[in-house]
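Chemist: please find the sequence and the predicted model below.
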Amino acid sequence: MNSVVVITGGTGLIGRALTDLLVEANYRVRILTRFPERYRDAGGVEYYGWDWTRRRIDERVFDGATALVHLAGANIGARRWTEGYKAQIAGSRILSLAFLRDFMEQNGVAVGHFIGASAIGYYGCVTDDRPRSETDPPGTDFLARLTVRWEETSQSMQGVARRVSILRTGVVLDARQGALPRMIRPLRWGLTSPVGSGRQWLDWIHIADMARMYFHVLEQGLTGTFNAVAPHPVTYRLFVQTAAGLLHRPCCLPPVPGALLRLLTGPSACLALEGVPVESAKIQSEGFSFRYPQLADALRDLLGD
């Protein structure tokens with residue numbers, strides 16, 4: 001029997017790419033979704049219902065399961081961070097995972113490997129040039145505190161999984177979904193401006209490498225916490241310059257004032273205005289090789305130029 005991997009958030013950007021890799025490698029994939037009726041089982045992929053807010057789950061999803069990948073979570077940058085949306089961001093990541101842990105403990109369910117998503121927001125919403133590794137301390141802002149709690153809940157899965165891994169994800173670049181289309185749209189219109197100082201760091205990773213990293217951690221049975229970013233972060237100004245060049249647009253107009261972005265989006269503006277360089281040496285020391293280590297190559301692939 002092929003190994004069975006259960007994925008929460010499997011219909012999202014990373015989940016879809018990871019599912020394709022797993023199916024290609026003859027894994028069976030079971031995706032937990034609130035709306036299983038929207039999907040049709042096919043090609044080694046099955047859909048099962050769950051709703052952590054009502055503490056409901058299709059118990060069959062764990063029959064024979066060997067691994068659990070937790071990718072579920074409301075989009076951090078999709079809306080203004082009202083108190084209500086902050087609770088949704090936290091609950092969809094932390095409370096949903098706590099529900100899974102409780103269900104597994106109460107029903108004697110265990111898996112060989114748990115892999116949990118996290119974020120480089122762990123290091124704080126600040127800007128400086130000091131590289132961060134997995135051993136650096138967390139920040140103190142909302143996103144950093146959220147990420148600490150998120151990772152603590154992932155570590156608690158040790159009670160129901162023999163191995164636990166955590167991937168601190170940067171900005172995942174994909175041609176059609178996620179951050180890149182929003183970042184590129186103004187450049188296509190000729191608005192080639194960095195935001196804020198332009199000196200903030202962008203810790204990015206190509207979607208193909210993101211999926212491959214999850215797969216590598218699973219296949220190699222790695223444990224611990226890993227930064228899921230490409231080995232060469234860039235400043236936001238350099239990102240704009242690189243993308244503008246590939247799109248054959250002039251560069252660069254005066255920067256968009258950070259104060260204006262904060263006025264328009266509130267505290268979530270820090271996602272665009274702040275950033276530190278984050279290292280990926282640890283995952284590379286475990287044998288992972290990036291297909292797209294340089295931003296220009298990644299954008300050339302994604303933008304088709």
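Modeler: Sure, I can see it. Residues are numbered from 1 along each chain as shown.

Chemist: what about stretch 106-125, average pLDDT?
Modeler: In this model, stretch 106-125 has an average pLDDT of 97.

Chemist: tell me the buried residues in that stretch?
Modeler: Under the neighbour-count criterion of 16 or more other CB atoms under 10 Å, stretch 106-125 has 109, 111, 113-125 buried. Every residue, glycine included, has its C-beta placed from N, CA and C.

Chemist: quick one: which of these is nearest D301?
Modeler: Distance to D301 across the buried residues of stretch 106-125 (CB to CB) is lowest for I120, with 22.2 Å.

Chemist: is it true that the closest one touches G170?
Modeler: Yes. At 5.1 Å, I120 and G170 qualify as touching, with contact defined as CB atoms under 8 Å.

Chemist: who touches both of these two?
Modeler: D203, N227, V229, V278 (CB atoms under 8 Å, 6 or more residues apart in numbering).

Chemist: ok so the second one is a strand residue?
Modeler: Going back to what we said before, that points to N227. Yes. Under DSSP: H, G, I helix; E, B strand; the rest coil, N227 falls within a strand.

Chemist: report how many residues lie close to it.
Modeler: When neighbours are counted by other CB atoms under 10 Å, N227 registers 27.

Chemist: residues in contact with it?
Modeler: Neighbours of N227 in contact, by CB under 8 Å, 6+ apart: 120, 132-134, 167-168, 170, 203, 278-280, 282-283.

Chemist: okay, those in JSON lines with distance to R188 and secondary structure next?
Modeler: Output for the contacts of N227, formatted as JSON lines (distance: CB to CB, whole Å; DSSP: H, G, I helix; E, B strand; the rest coil):
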{"residue": "I120", "distance to R188": "27", "secondary structure": "helix"}
{"residue": "R132", "distance to R188": "32", "secondary structure": "strand"}
{"residue": "S133", "distance to R188": "36", "secondary structure": "coil"}
{"residue": "E134", "distance to R188": "36", "secondary structure": "coil"}
{"residue": "L167", "distance to R188": "31", "secondary structure": "strand"}
{"residue": "R168", "distance to R188": "31", "secondary structure": "strand"}
{"residue": "G170", "distance to R188": "23", "secondary structure": "coil"}
{"residue": "D203", "distance to R188": "24", "secondary structure": "coil"}
{"residue": "V278", "distance to R188": "28", "secondary structure": "strand"}
{"residue": "E279", "distance to R188": "32", "secondary structure": "coil"}
{"residue": "S280", "distance to R188": "29", "secondary structure": "coil"}
{"residue": "K282", "distance to R188": "36", "secondary structure": "helix"}
{"residue": "I283", "distance to R188": "33", "secondary structure": "helix"}
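
Chemist: could I have the buried ones of those residues as PyMOL selection syntax?
Modeler: In PyMOL syntax, the buried subset of the contacts of N227 is picked out as below (16+ other CB under 10 Å):
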select buried, resi 120+132+134+167+168+170+203+278+279+280+282+283
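
Chemist: for L13, see how far away V234 is.
Modeler: Distance, V234 to L13, by CB to CB, to the nearest Å: 21 Å.

Chemist: cool, and L202?
Modeler: Distance of L202 to L13, computed by CB to CB: 17 Å.

Chemist: so for those two, which residue has more residues nearby?
Modeler: Comparing L202 with L13 by other CB under 10 Å, the one with more neighbours is L202, at 23 against 19.

Chemist: I'd say that one and Y236 touch.
Modeler: Yes. Using CB under 8 Å, L202 makes contact with Y236 at a distance of 5.4 Å.

Chemist: shared neighbours of these two, which are they?
Modeler: G275.

Chemist: on that earlier part again, what's the closest of the buried residues of stretch 106-125 to R30?
Modeler: V111 (11.6 Å).

Chemist: wait, doesn't that closest one sit right on A67?
Modeler: Yes. Here V111 reaches A67: they are 5.6 Å apart, a contact under CB under 8 Å.

Chemist: who touches the lowest-mean-pLDDT helix or strand in the chain?
Modeler: Lowest on mean pLDDT, DSSP states H and E among the helices and strands of the chain sits helix 258-265, with a mean of 83. Defining contact as CB under 8 Å, 6+ apart, one finds that helix 258-265 is touched by R80, V195, G196, S197, A269, A272, L273.

Chemist: ok, now with 6 Å
Modeler: The contact list for helix 258-265, computed with CB atoms under 6 Å, 6 or more residues apart in numbering, reads V195, G196, A269, L273.

Chemist: pLDDT wise, what is the second one at?
Modeler: Per-residue confidence for G196 comes out at a pLDDT of 85.

Chemist: from P257, how far out is it?
Modeler: Relative to P257, and taking CB to CB, G196 is found at 8 Å.

Chemist: same thing with L299?
Modeler: As judged by CB to CB, L299 and P257 stand 26 Å apart.
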